[in-house]
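no sequence for this one, just the structure:
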């Protein structure tokens, strides 16, 4: 799969640089008949916007424009293209660092890979691209909600952050009412897809399912979730597994926790090198977040929606009897 | 991508149940001209074999047979098919639990998904499938080693385990001498692919890159790895990032840590339900591991090799100047 | 997609050389609950076997062995692996031509690509690989037949062939009772997928849909199929289009015609070069077909079944209302 | 692969309806360092524009805007997004036929598939989407030209067309200087990919490689292209095969011929049914082509460029020795 393509059945290809004319995506394999309009995006795009004093002061309206695939308020089954025009771009903030490799950023590794880099605002490696994930997630949610799934997020509280520095934190995503049976055996496990989806978000450095890291010191007799029958429904008494067994959802809440690194763009002076390898001291200017969890939370909600919508679609061919339901009305 | 297909450029499709006639895989897009013979597999297959008193007493020779794609000791560019015949199968051990849902296992979720399940030895959800990953990893290593990468593993020491129970642990993988520039921006980040690869291994419940979970309480000024110039090579003074920035390798050691859950097959009595929802007590028979990290370590080495080989191949088209090197000799 | 992987939703990865130990495939995303046993393959494998005096005298039992994915006579939703052991291999027939490039064969182009080649029996480029297509097609037919589709073939009659020579011909495939709505807009058109599937069979040099080449001299007023209502069902009066409009099936018979080149292995002396570029005369030995259409017909039936089964599966997510049918029973 | 996604290594996802705000695409896996600017598109977009009296009078400036992936005139390795704003849209021309199924068009089959359809100008099934193919082809050509390939087209001469009617024709594409070795064995054959690419263009009903349909009545002794050595280069004396053997290019000109159906939008009255199945007579209004070959020729050139660029990229990992060239400079 190419780097900017996500999903196995519901396929999203995103594009755009932080300071380019626009960012956006094309979503293919969208089921026909979903209600979708531009207003649907406002609530979720707003959740991602800077609004705390630890957030960047860069203001974007982040208006999502539907370029294709919707007719008279409904998806038509053809690709849905979404576009967000970039505004409020201060490229000159980056002039003095265009030849420097900012610590904790992708400047060096992008140059090492491509030999060329759009340095303005971090280019493609900027967190700006996550706005498109949130937009695509709005469409994905139409699918997850269709079968009753609810996706919510919590993040670690905003800490006291020493001046001019930044701090890390966590985001916990819970997906409720997920039917048992989503996810594919072996490589396509639901937790594997979630891990990829979460780790693909810039600042995430750890992904845990259910008890996560704590399982490494647990006893089997404690970690196993015993099955029970509650009002005729098979479920488990506990949920150490985070709702996934053998890579397939078991009907419990799916719980995924991401560890978020501190924003690398700190205003303190730092040592680094330039593209010619000369050591130097640098000081970052520009408008930056100091604490990412509240801004990443809606992004991880969106990634969860994309993974689950994809799994829902992939699962529709898992039993031959489902073919009868679709084709022999 | 379908559940049993792994890789974007180097593509591996695996098959096989624990107690079926064989397990194996087909690997497509294998470069021609790689030295490969059946003896190459012995060392790595042996590393995965039970050998400690905490390991299952099930003995398999795990002989890997090359079914295609190799001629006179070299790969030919056509698919390499690998097959391991299953031996020493005690399917009757599972007769008494075929209608029960073992806690911590995939029995229930597989039934929920497919409505049918090969219960013998856990079928497709058995750890047995990981033998094929190790086999495929041997071929992947031929590619990673070609450019000088070394992949090693360490695991948490075998603990004292209360009788009849099991325990969790950790496995840490280090990839050395990885060239800067591997991995794709946005969704195809190298850490995202590693997270998927690791989390797709049955018992893994957490994946951490570099400092991992610890970043959630770190300061940016501490977590940032400052760049420096050592003997003309750009590198970083520290490696909190685990060798990956913006999803692309930066030339440092790549460090990934997996948290492994305790083996769910414990010999203690457990409460559960049967497929009709009747609550009951069960006792697992059969031959089971009690501590997985030493057996999972070679599997995670193999997954790392597969991810890196895939990234190496994908990266070969990342610059137009590389085309000149390949086509205009 | 890698060369030996076929299908978008129902994914088949094949392997094997003409004179290797076996040929076979792995099929992933197989719906659970399909009746499948080894006897199911006999009828279709027999159709492909040499049986006319224009066919090769090489005799293979072509017994298909199911290596995974079936339990108690039903598919379980996990990968189905099929294997056919190669028998009756006369590799020495090829000793004298291992350094020669046979006209009309892939010897030269394989060497140009890979720099190495399993010359025995044509290796991977042998028509032998089509046996696996027929085997995979048997499983695909279980899906196409589930919704009532019938796939039949006709081939041009066996001509008088000058001694020691070979001749070309045609195969016409008709798929009946295909529901309207299969195929995807733009690149994934049903006719595009069929064209790829057919052209991927070694000797096929032209693919026509419906009237095919004849449309190039037709008037629009004649070529257009007018719609009509027959007993409450919308259909067309004629079927110049071959059952596909805009890349999507319209409910009429799907008609595809393939032009098959004469077998390149003729027993007449031919001029060629060896791998060092030396010009020489060669004479092919071995056991070869002289007229391929009757042997390719079952292969093209199988490819049609694979394309249609894939389209049936892909189409199951085409409308959001189908999700209700599958998930909210 | 989803319907609007094309390519295995160089991946293009297109979007857009005939009368929507814009059409466009995202291209991922673009090599970094390619010179690209908006002026590059003008020449090829102009070739596709209506300019003959048999062409539609609809005028579009078809200005291609680069939305991402290019910095200072060079591709950066991140996705290139191209957008063409729709102009000169006369949606009201289609008001009277929105409930009618035009003969030869995709109206009925789209409705059968999706249950909803953007009827304006044919929506997604309009030939308008091919403008995006031409735009993407411009980028693909940068890759094919890098290794010296030249792609040209010829079309059957504009015939005398009875008034108010339309006629079919042919387009022949020749790709010169293609290196031997492109294409993948079995399903990924170069001719299979070309067949898919060509047949995915709306009006194409037959695809022929080299001698094409004529092979069906040829003798092997005549159809075989004998190898010869010309000035130290292995080539063939004739080119019946159209430059491809065993699915892999052999260094000769690649020759593909497409048969184009007559434009279905004729101005003569036709019988049809409406969406409720009522039979009726209809008369098409609007601005339509009468003879497609000259307008499809640049589209098929573009598709050839996309297939060949993709094959060039895929082939870069075909030999392990190429890895040394890229990684051990």
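Cool, got the structure. Predicted model only: the values in this text are computed from it and were never measured.

And the helices in the stretch 151-300 of chain A?
For the stretch 151-300 of chain A, helices defined by DSSP state H, counting those that start in this stretch occupy the ranges A:190-199, A:220-223, A:293-314.

Kindly state which of those helices is positioned closest to residue D:302.
In terms of CB to CB, the element of the helices of the stretch 151-300 of chain A nearest to residue D:302 is helix A:293-314, at 30.5 Å. Backbone N, C-alpha and C define where each C-beta goes, glycine included.

and that closest one, what other elements does it pack with?
Counting contacts by 3 or more CB pairs under 8 Å, 6 or more residues apart in numbering or on different chains; DSSP states H and E, helix A:293-314 packs against helix A:42-48, helix A:130-146, strand A:150-155, strand A:169-176, helix A:190-199, strand A:254-260.

Could you work out the end-to-end span of stretch A:47-64 for me?
Criterion CA to CA, to the nearest Å; first-to-last residue distance in stretch A:47-64 is 14 Å.

give me every residue that touches residue A:264.
Going by CB atoms under 8 Å, 6 or more residues apart in numbering or on different chains, residue A:264 touches A:102-105, A:166, B:220, B:223-224.

Kindly provide the distance from it to residue D:145.
Using CB to CB, to the nearest Å, residue A:264 is found at 40 Å from residue D:145.

go on, residue A:19?
Taking CB to CB, one finds residue A:19 at 30 Å from residue D:145.

And for residue A:188?
39 Å.

quick one: low-confidence ranges for the stretch 51-200 of chain A?
Along the stretch 51-200 of chain A, no part satisfies pLDDT under 70.

Identify the spatial nearest neighbour of whichever residue of the stretch 201-329 of chain A sits closest to chain B, chain neighbours not counted.
Closest residue of the stretch 201-329 of chain A to chain B, CB to the nearest CB: residue A:246 (2.2 Å). Once flanking residues are discounted, residue A:246 sits nearest to residue B:106: 2.2 Å by CB to CB, 6 or more residues apart in numbering or on different chains.

for that neighbour, what are its contacts?
A:185, A:245-248, B:122, B:125.

tally of neighbours for the nearest residue to residue A:262 once chain neighbours are set aside?
Counting by CB to CB, 6+ apart, residue A:262 lies nearest to residue B:220, which is 3.7 Å off, once chain neighbours are set aside. By the criterion of other CB atoms under 10 Å in any protein chain shown, residue B:220 has 28 neighbours.

re the thing from before, so can I have a markdown table of the contacts of residue B:106 showing neighbour count?
Listed next are the contacts of residue B:106 as a markdown table, based on neighbours: other CB atoms under 10 Å in any protein chain shown:
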| residue | neighbour count |
| --- | --- |
| A:185 | 28 |
| A:245 | 33 |
| A:246 | 27 |
| A:247 | 27 |
| A:248 | 30 |
| B:122 | 25 |
| B:125 | 27 |
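
Out of the helices and strands packed on helix A:293-314, the one nearest residue B:290 is which?
With CB to CB as the measure, helix A:190-199 is the member of these nearest residue B:290 (23.1 Å).

close to chain C, is the closest one?
No. Applying CB under 8 Å from any CB of the partner chain, one finds helix A:190-199 separated from chain C by no less than 14.7 Å.

could you check whether that helix is close to chain B?
Yes. Remark: helix A:190-199 sits within contact range of chain B at A:191-199, by CB under 8 Å from any CB.

Around chain C, which positions in the stretch 1-150 of chain A sit nearby?
Counting by CB under 8 Å from any CB, the stretch 1-150 of chain A sits next to chain C at A:9, A:29, A:31-34, A:75, A:77-78, A:142-143, A:146-147.

thinking again about what came up before, determine which stretch of the helices of the stretch 151-300 of chain A is the most buried.
Across these, the average number of neighbours (mean count of other CB atoms under 10 Å in any protein chain shown) peaks for helix A:190-199, which reaches a mean of 30.

who does it touch, helix- and strand-wise?
Secondary-structure packing of helix A:190-199 (3+ CB pairs under 8 Å, 6+ apart): strand A:204-209, strand A:254-260, helix A:293-314, helix B:190-199, strand B:204-209.

Do I have it right that the residue nearest to residue A:262 meets residue A:266?
Yes. Here residue B:220 reaches residue A:266: they are 4.4 Å apart, a contact under CB atoms under 8 Å.

Can you check which residues contact both of those two?
A:165-166.

now the end-to-end length of stretch A:215-222.
Note: stretch A:215-222 ends 10 Å apart using CA to CA.

hmm, back to that, what about the residue of the stretch 201-329 of chain A closest to chain B, distance to residue B:195?
18 Å.

gap between the residue in the stretch 1-150 of chain A that chain B sits nearest to and residue C:204?
Going by CB to the nearest CB, chain B is nearest to residue A:106 of the stretch 1-150 of chain A, at 2.2 Å. Separation of residue A:106 from residue C:204 (CB to CB): 47 Å.

ok, now residue A:44?
Counting by CB to CB, the gap between residue A:44 and residue C:204 amounts to 50 Å.

Looking at these two, which one has more neighbours?
Looking at residue A:44 and residue C:204 with other CB under 10 Å, you find the greater number of neighbours at residue C:204, namely 28 against 20.

for that one, what are its contacts?
Counting by CB under 8 Å, 6+ apart, residue C:204 touches C:198, C:258-261, C:296, C:300.

same question, residue A:320
Applying CB under 8 Å, 6+ apart, we find residue A:320 in contact with C:31-34, C:75, C:142-143, C:146.

Just send the helices of the stretch 151-300 of chain A back as a markdown table, with distance to residue A:14 too.
Output for these, formatted as a markdown table (distance: least, CB to CB, whole Å):
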| stretch | distance to residue A:14 |
| --- | --- |
| helix A:190-199 | 13 |
| helix A:220-223 | 38 |
| helix A:293-314 | 11 |
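
Quick one: closest of these to residue A:275.
Of all the helices of the stretch 151-300 of chain A, helix A:190-199 sits nearest to residue A:275, with 27.7 Å by CB to CB.

hey, what's the closest residue in space to residue A:278 that isn't next to it in sequence bridged with?
Excluding the flanking residues, the one nearest residue A:278 by CB to CB, 6+ apart is residue B:229, at 7.3 Å. Here residue B:229 sits in beta bridges with residue B:234, going by DSSP bridges.

can you tell me the residue of the stretch 51-200 of chain A closest to chain C?
Chain C sits closest to residue A:147 of the stretch 51-200 of chain A, with a gap of 4.6 Å, by CB to the nearest CB.

from what I can see residue A:86 touches residue A:20, true?
Yes. Applying CB under 8 Å as the test, residue A:86 and residue A:20 come out as touching, 6.3 Å apart.

who has more neighbours, these two?
Using other CB under 10 Å, the more surrounded residue of residue A:86 and residue A:20 is residue A:20, with 24 against 18.

Now the residue of chain A most remote from its centre: closest residue in space, sequence neighbours ignored.
The C-alpha centroid of chain A is most remote from residue A:328, which lies 37.6 Å away (CA atoms, centre = their mean). Closest residue to residue A:328 apart from its sequence neighbours, by CB to CB, 6+ apart: residue C:147 at 7.2 Å.

so who does that neighbour touch?
Contacts of residue C:147 were listed using CB under 8 Å, 6+ apart, and they are A:323, A:327-328, C:179, C:312.

ok, now residue A:155?
Here residue A:155 is in contact with A:169-172, A:293-294, A:296-297 (criterion: CB under 8 Å, 6+ apart).
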